[in-house]
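Participant: Got a predicted model here, sequence first, then my questions.
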Amino acid sequence: MRSAILFAFILAFAGRALALNIVIGGSVGNVSATDFLAVQDTKLNADCQSQCQPATQAIQACNDDDACLCDTATVAAVVACQQCMFTDIIHDNRKMPDPRAGSAPALSAYAAACLASPANVTVPATSLALTLPSNWDGPSALPLNLGETIVAVAAGAVLGVGSIVILCTM
């Protein structure tokens, strides 16, 4: 009886060791597939609940089966969740709270874990791409018009010449 319990215990942990192990840089390190979308940010979790819940359910339904975790449908659900987090972070104009949140490198790490797993599944890079939101205006410069440019150059010239005059008369 004891040997059967011990054998079951060893099998349970052996299955955990063979599960998909995702290596993410930064403070996160190695995470399992079940923890991949467990971002510690309440706002992101609330805003992206409808997109992330199907991905979390798909990962849990796979039950540590590498072929299932790297399946096209599961990967698409994970990418949809990451896309929502990415869009939300850009919309709020804030830093990424977690290296797993809305992160293309995290998705690349997921694909690398799929390739390194015993299932040896290659996830196409095109299915991992995150896209910018359609309303993103991007980094923009605030150019001066001709009148503002003349005033700015004149003010700079007056300050520069005044500084040289002060230094020369000391």
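Facilitator: All right, it came through fine. Numbers count the residues shown, from 1 in each chain.
Participant: any chance you could map the helices in this protein?
Facilitator: For the chain, the helices defined by DSSP state H occupy 2-17, 42-47, 49-62, 66-69, 72-92, 104-116, 146-168.
Participant: now the ones you listed in CSV, with mean neighbour count and mean pLDDT?
Facilitator: For the C-beta atoms, the positions are set from N, CA and C on the backbone; glycine is no exception. Below are the helices of the chain laid out as CSV (neighbours: other CB atoms under 10 Å; pLDDT from 0 to 100):
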stretch, mean neighbour count, mean pLDDT
helix 2-17, 9, 42
helix 42-47, 14, 91
helix 49-62, 16, 94
helix 66-69, 20, 91
helix 72-92, 19, 94
helix 104-116, 19, 92
helix 146-168, 10, 95
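Participant: ok, the residue positioned nearest the centre of the chain - contacts?
Facilitator: By CA atoms, centre = their mean, the chain has its centre lying nearest to Ser103, at 1.6 Å. Residues near Ser103 by CB atoms under 8 Å, 6 or more residues apart in numbering: 82, 86, 96.
Participant: For the first one, which residues are in contact?
Facilitator: Which is Gln82. Here Gln82 is in contact with 101-103, 106-107, 130 (criterion: CB under 8 Å, 6+ apart).
Participant: 10 Å instead, please
Facilitator: 36-37, 39, 48, 51-52, 55, 100-104, 106-107, 110, 128, 130 (CB atoms under 10 Å, 6 or more residues apart in numbering).
Participant: Please apply the same query to the last one.
Facilitator: The contact partners of Met96, by CB under 10 Å, 6+ apart, come to 26, 39, 41, 44, 85-86, 89, 102-103, 106.
Participant: let's go with 7 Å and repeat that
Facilitator: Applying CB atoms under 7 Å, 6 or more residues apart in numbering to Met96 gives the contacts 89, 102-103.
Participant: tell me the pLDDT at it?
Facilitator: Note on Met96: pLDDT of 87.
Participant: Tell me how far it lies from Gln49.
Facilitator: Counting by CB to CB, to the nearest Å, the gap between Met96 and Gln49 amounts to 19 Å.
Participant: and if you look at Cys168?
Facilitator: Cys168 sits 68 Å away from Gln49, taking CB to CB as the criterion.
Participant: One more: Pro105?
Facilitator: Distance from Pro105 to Gln49, by CB to CB: 24 Å.
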